[in-house]
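Curious how this folds, go ahead:
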Amino acid sequence: MTKHAALPGRLLMLGFGSIGQGVLPLILRHIDITPDRITIISPDDAGKAVAEEYGVTFLKMALTRENYAAELEQRLGQGDFLCNVSVEVSSVALIRKCRELGALYVDTCVEPWPGGYTDPDLSPSQRSNYALRESALDVKRELGAGPTAVIAHGANPGLVSHFLKAALLDIAKASGMDATRPESREGWAALARDLGVKVVHIAERDTQKGLPPKERGEFVNTWSVNGFVGEGCQPSELGWGTHEPELPPEGRRHEFGCDAAIYLMRPGAGTRVRTWVPSEGPIHGWLITHNESISTADYYTLRDEAGEVVYRPTCHYAYHPCDEAVLSLHEFAGKNWELQPRVRILMDETQPGGVDELGVLVNGPAKGSYWYGSQLTIDEARELVPHNNATSLQVTVSVLAAMIWAIENPNAGVVEPEEIDERRILEISTPYLGTMAGYWTNWTPLEDRETLFPEDLDRNEPWAFKNVIVR
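Sure thing, here's the model as predicted:
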């Protein structure tokens with residue numbers, strides 16, 4: 001297997017759940033590092049046997065506000081790497097410490113300390129992903145160039161930002177427009193505007209199934225239950241486009257930051273939206289808050305000479321998880337957001353044949369909507385990399401690609417996925433993503449509406465969020 005990069009220093013991995021266990025074999029396969037230079041810190045024993053299988057040091061320990069600095073100082077220095085795939089450890093605190101120590105950094109989500117997602121003393125705005133991203137951008141502006149810290153680079157957020165750039169070039173080519181790859185943020189935003197892009201959905205449908213079936217009092221998922229529940233309890237968030245005629249009744253703007261997004265006064269686990277995926281056509285997905293909803297809208301913003309926004313697309317997640325997770329969400333909501341006493345991640349017991357279909361649905365171009373992304377089966381995932389299902393592999397290979405990019409670009413400071421060359425990330429990731437393909441559709445959220453009852457629709461603007469949200 002190709003060694004894409006060499007890491008002469010040490011690697012510290014925080015967290016060793018489904019993503020940590022799935023990325024370890026990829027790291028050893030594609031990064032030149034020996035197991036004796038890798039240490040895993042995890043708050044529980046989950047995955048300890050996997051660490052022992054690969055000869056990697058495993059420490060059972062929870063990192064807290066009180067001990068994280070001392071623990072990192074023992075294990076990180078100039079030229080080392082921190083791969084953060086944990087929950088409830090502050091990303092901003094870790095980034096600052098890595099900068100102080102001269103270590104590289106990557107994570108899959110900008111995480112707060114415990115309680116940051118659900119603290120009743122915080123306003124919905126303060127416990128949003130918008131606020132977490134702004135805290136990371138404050139560090140980016142403060143610290144400037146220095147050891148690279150790639151933030152929010154899993155499947156989504158992360159990989160989908162690179163899918164979007166590939167999709168825009170495909171649309172330009174198919175539309176007979178200039179398909180020359182832009183070299184700047186403004187160039188990408190201008191391309192999206194010129195193509196007529198109004199809305200970007202991160203449209204995902206997971207059909208993996210497990211044995212035994214979900215039981216009452218159990219939350220079943222194909223990736224971190226704690227991660228899913230945490231973001232599901234946050235307010236629904238979406239990047240807010242310039243084509244939108246009106247703010248939704250439950251919509252609110254933030255009073256700080258870039259102003260590229262809004263939030264709804266309702267949790268993501270209780271908000272559904274209309275979208276489209278190749279395997280099923282129109283579906284309902286959950287509008288779960290994600291960093292890419294905000295960073296994408298911000299990145300593809302154009303302003304006039306006075307600084308006023310003249311173009312921005314709406315962007316949000318539209319996620320239909322596996323059927324067991326849907327039942328789990330229903331039970332979770334029915335208990336007024338109290339997590340079930342038992343949790344289970346579908347991995348080895350997952351039945352053959354299921355697919356995680358993850359892509360971007362780009363809406364608004366004259367030629368129609370265009371979905372581009374990964375269609376990865378559980379059977380392919382198992383054959384490609386041990387300790388993975390289809391969902392986890394889409395995340396873990398993106399973590400690997402971000403690590404390699406950071407090693408190759410070690411002095412870039414704090415970096416978001418949109419700022420990275422998508423060609424390098426896709427070059428590394430594509431062999432592990434199953435079928436990578438694009439599909440055109442004429443679907444809009446107005447399709448087959450008002451067949452049973454009258455609805456309050458905006459037929460002058462098909463891509464208005466008013467038509468997308470499920471009431």
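
Quickly list the domain ranges of the chain.
Domains of the chain are assigned by automatic domain parsing as 5-150, 159-392+430-468.

so can I have a markdown table of those showing distance to G413?
The way it works is simple: take the backbone N, C-alpha and C, and place the C-beta from them, glycine included. Converted to a markdown table, these look like this (distance: least, CB to CB, whole Å):
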| stretch | distance to G413 |
| --- | --- |
| domain 5-150 | 5 |
| domain 159-392+430-468 | 16 |
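
mind showing which ranges of the stretch 301-450 of the chain have poor pLDDT?
By pLDDT under 70, the stretch 301-450 of the chain has no low-scoring segment.

where along it do the strands fall?
Secondary structure of the stretch 301-450 of the chain (DSSP state E, counting those that start in this stretch): strands at 302-303, 309-311, 314-320, 342-345, 355-363, 369-377, 414-415, 435-441.

V415 is nearest to which of the domains of the chain?
For the domains of the chain, the distance to V415 is smallest for domain 5-150, at 5.2 Å, taking CB to CB.

Tell me the pLDDT of G116.
With respect to pLDDT, G116 scores 84.

which residue packs closest to it, ignoring adjacent ones?
R127 (6.2 Å; CB to CB, 6 or more residues apart in numbering).

for that neighbour, what are its contacts?
Under the criterion of CB atoms under 8 Å, 6 or more residues apart in numbering, the neighbours of R127 are 112, 116-119, 234-235.

make it 7 Å
Shown in contact with R127 (CB atoms under 7 Å, 6 or more residues apart in numbering): 116-117, 119, 234.

just S369 next, same as before
By CB under 7 Å, 6+ apart, the neighbours of S369 are 276, 361-363, 441, 443.

Out of those, which two sit at the greatest distance?
V362 and W443 (12.3 Å).

Between the two, which is the more surrounded one?
Legend: neighbour count by other CB atoms under 10 Å for V362 and W443, higher for V362 (28 against 18).

Run a quick check on that one versus K165, I expect a contact.
No. V362 is beyond contact range of K165, at 10.8 Å (criterion: CB atoms under 7 Å).

three-state assignment of I171?
Counting by DSSP: H, G, I helix; E, B strand; the rest coil, the backbone at I171 sits in helix.

ranges for the helices of the chain?
18-30, 48-53, 68-75, 91-101, 129-143, 159-174, 185-195, 225-233, 291-299, 323-334, 378-384, 390-408, 422-429, 465-468 (DSSP state H).

buried residues in the longest one?
Translated: helix 390-408. 390-407 (16 or more other CB atoms under 10 Å).

Measure how that helix sits relative to strand 355-363, angle-wise.
70 degrees (axes from the mean of the first three to the mean of the last three CA atoms, to 10 degrees).

Please apply the same query to the fifth one.
Between the axes of helix 129-143 and strand 355-363, defined by the same axes, to 10 degrees, the angle is 80 degrees.

cool, and the third one?
Orientation note: helix 68-75 sits at an angle of 110 degrees relative to strand 355-363 (the same axes, to 10 degrees).

Now do helix 68-75 against helix 91-101, angle only.
40 degrees.

Show the model's pLDDT score for the nearest residue to L247 once chain neighbours are set aside.
The shortest distance from L247 to any non-neighbouring residue, by CB to CB, 6+ apart, is to I262 (6.8 Å). I262 is assigned a predicted lDDT (pLDDT) of 98.

Cross-check the contact I'm expecting between I262 and P249.
No. Look at I262 against P249 with CB under 7 Å: they stay out of range, at 11.9 Å.

Among these two, which residue is more densely surrounded?
Counted by other CB under 10 Å, I262 and P249 do not tie: I262 has more neighbours, with 26 against 8.

Any idea what that one is bridged to?
With DSSP bridges applied, I262 shows beta-bridge pairing to L238, R253.
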